[in-house]
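Chemist: Got a predicted structure here, sequence first:
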Amino acid sequence: MKFVYWFCYSLWKMCFKAFLSYRVIGKEKLVTEGPVVIASNHESFLDPPLVGIAYDKEVHYLARKTLFTGFGAWLYPRLNSIPVDQDRPDMTSLKTIIKLLKKDQQVVVFPEGARTLDGELQSAQAGTGLIVAKSKAVVQPVRIFGARDALPRGSNKIRFVPVTLVVGDPIVFTPEELNAKSREGYQHIADRIMEEIGKIELPEQS
């Protein structure tokens, strides 16, 4: 890992384990070779590092374009973050993601686009389906539990509550699904990803 990424990765892992009792369930299911779209629900501003530290190697992220100013302009690229303009979305970030995937990289995406307000899963955006169709990458669904309780949308105060990442089985799409060339086809892929994320449950503790 690059030094800055490694430093932040190690710091996140230490803090999340110490203060949020962070754990990963089903880590053996993680696909770590070849192009992988790591698709997660979106509960909190903490979600990107919560997903990233489940892996033992570098992954790539999406981040709001507004974060790439001042110190953030130096930091976020070193954290493998790709700027996204949420007010004026275009194909630039999508093309960047697809290029990374075609180079056998792993990229974290949040199909819902924005953090949930009520804790419920939201509808997926078609852009995630486009990424999968164009890259033909494996889709690794994961689901975060507890991050909204730790740092809900609109809050700037972290509460020390347990957070768990549960890994689902990789999603297998048919060649017909991956040959989608319309918004409807991309939406179908994105909807199926959210459906699989929704099936992931938090095991009861014994």
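Modeler: Structure received. Numbering: from 1, shown residues only.

Chemist: Please make it C-alpha for all contacts and neighbour counts, starting now.
Modeler: OK.

Chemist: Can you verify my assumption that residue 196 contacts residue 139?
Modeler: No - assessed by CA atoms under 8 Å, residue 196 is found out of contact with residue 139, at 10.3 Å.

Chemist: what is in contact with the two at once?
Modeler: residue 171 (CA atoms under 8 Å, 6 or more residues apart in numbering).

Chemist: Compare those two and say which one has the larger neighbour count.
Modeler: Counted by other CA atoms under 10 Å, residue 196 and residue 139 do not tie: residue 139 has more neighbours, with 21 against 18.

Chemist: For the lowest-mean-pLDDT helix or strand in the chain, buried residues please.
Modeler: Least confident helix or strand of the chain, by mean pLDDT, DSSP states H and E, is strand 61-64 with a mean of 88. By neighbour count on 16 or more other CA atoms under 10 Å, the buried set for strand 61-64 is 61-63.

Chemist: a markdown table for those, including distance to residue 41?
Modeler: Converted to a markdown table, these look like this (distance: CA to CA, whole Å):
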| residue | distance to residue 41 |
| --- | --- |
| 61 | 14 |
| 62 | 14 |
| 63 | 15 |
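
Chemist: Let me know the closest of these to residue 164.
Modeler: Nearest to residue 164 among the buried residues of strand 61-64 is residue 61, at 19.4 Å by CA to CA.

Chemist: doesn't residue 105 make contact with the closest one?
Modeler: No - using CA under 8 Å, residue 61 makes no contact with residue 105, being 11.0 Å away.

Chemist: from the buried residues of strand 61-64, which single one is nearest residue 204?
Modeler: Checking these against residue 204 with CA to CA, the nearest one is residue 61 at 30.2 Å.

Chemist: if we can go back for a sec, centre of the chain versus the least confident helix or strand of the chain, how much separation?
Modeler: Averaging C-alpha positions (CA atoms, centre = their mean, to the nearest Å) puts strand 61-64 9 Å from its chain's average.

Chemist: And stretch 16-35, by the same measure?
Modeler: That offset, for stretch 16-35, works out to 12 Å (CA atoms, centre = their mean).

Chemist: ditto for stretch 169-184
Modeler: Here the centre of mass of C-alpha atoms in stretch 169-184, compared against the chain's by CA atoms, centre = their mean, lies 19 Å away.

Chemist: buried ones in that stretch?
Modeler: Here stretch 169-184 shows 169-170, 173, 177-178, 180 as buried, counting by 16+ other CA under 10 Å.

Chemist: can you tell me the helix or strand for the closest residue to residue 194 other than its chain neighbours?
Modeler: Closest residue to residue 194 apart from its sequence neighbours, by CA to CA, 6 or more residues apart in numbering: residue 124 at 6.3 Å. Element membership for residue 124 (DSSP states H and E) is empty, with no helix or strand holding it.

Chemist: Residue 190 against residue 129, yeah?
Modeler: Yes - with contact defined as CA under 8 Å, residue 190 reaches residue 129; the gap is 4.5 Å.

Chemist: Can you lay out the buried residues of stretch 169-184 as a markdown table showing secondary structure and distance to residue 54?
Modeler: Conversion of those to a markdown table gives the following (DSSP: H, G, I helix; E, B strand; the rest coil; distance: CA to CA, whole Å):
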| residue | secondary structure | distance to residue 54 |
| --- | --- | --- |
| 169 | coil | 15 |
| 170 | coil | 15 |
| 173 | coil | 24 |
| 177 | helix | 28 |
| 178 | helix | 27 |
| 180 | coil | 31 |
